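K.L.:
from the sequence below, what's the structure:
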Amino acid sequence: MAVATVLSVFGWLTLLVNGATLFLIVLIIRHKVTKSDSGRTYEVRAQQVATLVTVAASLGSLYLSEIGDLTPCRWCWIQRTAMYPLALVLVISWITGDRFVRRYATPIALLGLAASTWHYLLQQVPSLSDSNSCSLSTPCSVTYIEKFGFISIPWMAGSVFLFSLALLLGFRSFESPAR
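P.N.:
Numbers count the residues shown, from 1 in each chain. Okay, here's the model as predicted:
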């Protein structure tokens, strides 16, 4: 499959994740406000969905660098240092049945979200970039990929981090053994 086709698929998947995140936020707010049990249906699979999405994002980032020949900038690497361990932690917790994964996955996802937000800001406002945060060979302020006029690599990563956070924090009761 051509790299351009894969990038289009990544763009559409990012839109799907963004829509799913909005849906989750509305569902979580509705669940909290009405105190209904409608969210219980989703609780069981929240951790598994977060696992699948972060693993897919990790594989996608490897595809972009290894097959798509895009050299990751410094901020891309920082996001990777959050995404890869997050995926690994979620996979291990799924295999072992660890219901308390939220406690250590949340800080990783928050750090990744902060890094991707800053990187996206660097792309949108290049004057924020200084010589200490980016290199000349792979500048962080350059947008190599842009789908639908706003989706870049940091947006894609940030979408996955935010979606994972919504899943992990929104459906917390999978931690309680008796439900």
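
K.L.:
who are the neighbours in contact with Leu15?
P.N.:
In this structure, Leu15 makes contact with Phe148, Ile151, judged by Cβ atoms under 8 Å, 6 or more residues apart in numbering. (C-beta placed from N, C-alpha, C; glycine too.)

K.L.:
in the helix or strand containing it, which residues are buried?
P.N.:
Secondary-structure assignment from DSSP states H and E places Leu15 in helix 3-34. Buried positions in helix 3-34, judged by neighbour count with 16 or more other Cβ atoms under 10 Å: 7, 10-11, 13-14, 17-18, 20-21, 24, 27-28, 31.

K.L.:
so what does the helix or strand that it is followed by touch, helix or strand wise?
P.N.:
For helix 3-34, the following helix or strand on the C-terminal side (DSSP H and E) is helix 40-66. Contact partners of helix 40-66 among helices and strands, from 3 or more Cβ pairs under 8 Å, 6 or more residues apart in numbering; DSSP states H and E: helix 3-34, helix 74-96, helix 153-170.

K.L.:
now the last one and helix 40-66, what's the angle there?
P.N.:
What separates the directions of helix 153-170 and helix 40-66 is an angle of 160 degrees, with axes from the mean of the first three to the mean of the last three Cα atoms, to 10 degrees.

K.L.:
that older thread, tell me which of the helices and strands packed on helix 40-66 sits nearest to Leu122.
P.N.:
helix 74-96 (6.7 Å; Cβ to Cβ).
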